[in-house]
Every structure is written in C-alpha cells, then in structure tokens.
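# curious how this folds, go ahead:
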Amino acid sequence: MAADAATLRIRRLEAGDPPVMSAAFAAIGWKKPVEQYDRYLEAQRSGRRDVLVAFSRVSFTGYVTVNWHPDYPPLSLGGTPEIQDLNVLPAWRRRGIASRLLDEAERLAALRSDRVGIGVGLHPGYNAAQRLYVLRGYVPDGHGVTAGNAFVREGQTVTMDDEVVLHFVKMLRP
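Sure thing, here's the model as predicted:
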C-alpha cells in the first residue's frame, strides 16, 4: 500500500466520491456519513468551500477542505480562509499524504489571501496534527482556546473533546 509521489493524486471532490469516502471511514468504525460529503460537494459547487481528495492508484486515502467563509470570528472578520477537516485514513498515515493535502490547500488559499487559518483539537488524538502544523509554520493566532466556537474564559471548565480547539495562522506570502 505504499503511497508515493508517483501514485498519489489530489483532485477536487467529485459527485461519485461521497459514498466511497463514507464507506472507507465506516470500514474503520468512524461515523462520517455520505450526507457530510454531499454537503461539502454542495458547498464546493456554491464557492463556499473547496474539498481536496487524495487517491493512491484507485484507493481513497484522505481529504481536506478549505472553508472560504469560516465561522471562527478572528478569521472570518479578516477574510482569512480556514483549512478544515484534514483526515487521512490510518492505514495511509506517515506517508506524506497529509503534507501533500496541506500543500495543495495552502496553494489554493494563497490565490485569495496572504494567510490561512487552521484549528486543531487539544486532546491527545490531535497530537500528530499539532506537531505537523507547527513544523509547517503555523503559529497560535493569539486569541486563546475555543469550545464550540466560543472563547474559553479563564477558570472555565470544559469537556476535553473535539470541540476544544486552538486556532493557528500561517503567512502564505509577505
């Protein structure tokens, strides 16, 4: 199952992709319904989001989205796009696929903005992503942690789940 530069293809989401993607995640016990990818496809068609999918030969390996109108206020108020929902199937990790997806997402973002944002969860399931983003030049945006897109106040108790996020930004051009 080696994924290398010669066999990895990254392209925009197409109409036949949602069932393939959903089935690949269902096979590993992740709940990512076809409807999620149908919504992404509609958002892509309307220009609100771009969705990039990666395939190694004929196997779906992962995807990422670029949200042109993020909900996170520090990004949306500044007109900064946000990279969201980077997922590489576990069997395909540590082969450079996430980096290639991010390269392409950043390339798209740079066509419209001088910077891009990304949010990352704080629980241990995101440790590899946290490290990857810092190594790629992302820095905390300076606004603190959010839980469900609301800023966490000092002393506030939150449940450490996927909704507890720290946002980062990266300058794409001077």
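
# run through the helices of this protein in chain order.
Secondary structure of the chain (DSSP state H): helices at 17-26, 34-46, 73-76, 97-110, 127-135.

# my guess is Gly148 contacts Asp162. True?
No. Counting by Cβ atoms under 8 Å, no contact exists between Gly148 and Asp162, whose distance comes to 9.9 Å. To be clear about C-beta, it is placed using only N, CA and C from the backbone, and glycine gets the same treatment.

# any weak-confidence spans in the chain?
Along the chain, segments meeting pLDDT under 70 span 1-6.

# count of residues packed around the closest residue to Ala98 other than its chain neighbours?
Of all residues not flanking Ala98 in the chain, Val88 sits nearest, at 5.1 Å (Cβ to Cβ, 6 or more residues apart in numbering). Val88 has 22 neighbours, counted by other Cβ atoms under 10 Å.

# my read: Leu13 touches Arg39, true?
No. At 10.9 Å, Leu13 does not count as touching Arg39 under the criterion of Cβ under 8 Å.

# more neighbours, these two?
In terms of neighbours (other Cβ under 10 Å), Leu13 is the more surrounded of Leu13 and Arg39; the figures are 22 against 13.

# could you measure from the more buried one over to Arg49?
9 Å (Cβ to Cβ, to the nearest Å).

# got it, and Pro174?
27 Å.

# that older thread, contacting residues around the residue nearest to Ala98?
Taking Cβ atoms under 8 Å, 6 or more residues apart in numbering, we find Val88 in contact with Ala54, Thr61, Gly62, Ile97, Ala98, Leu101.
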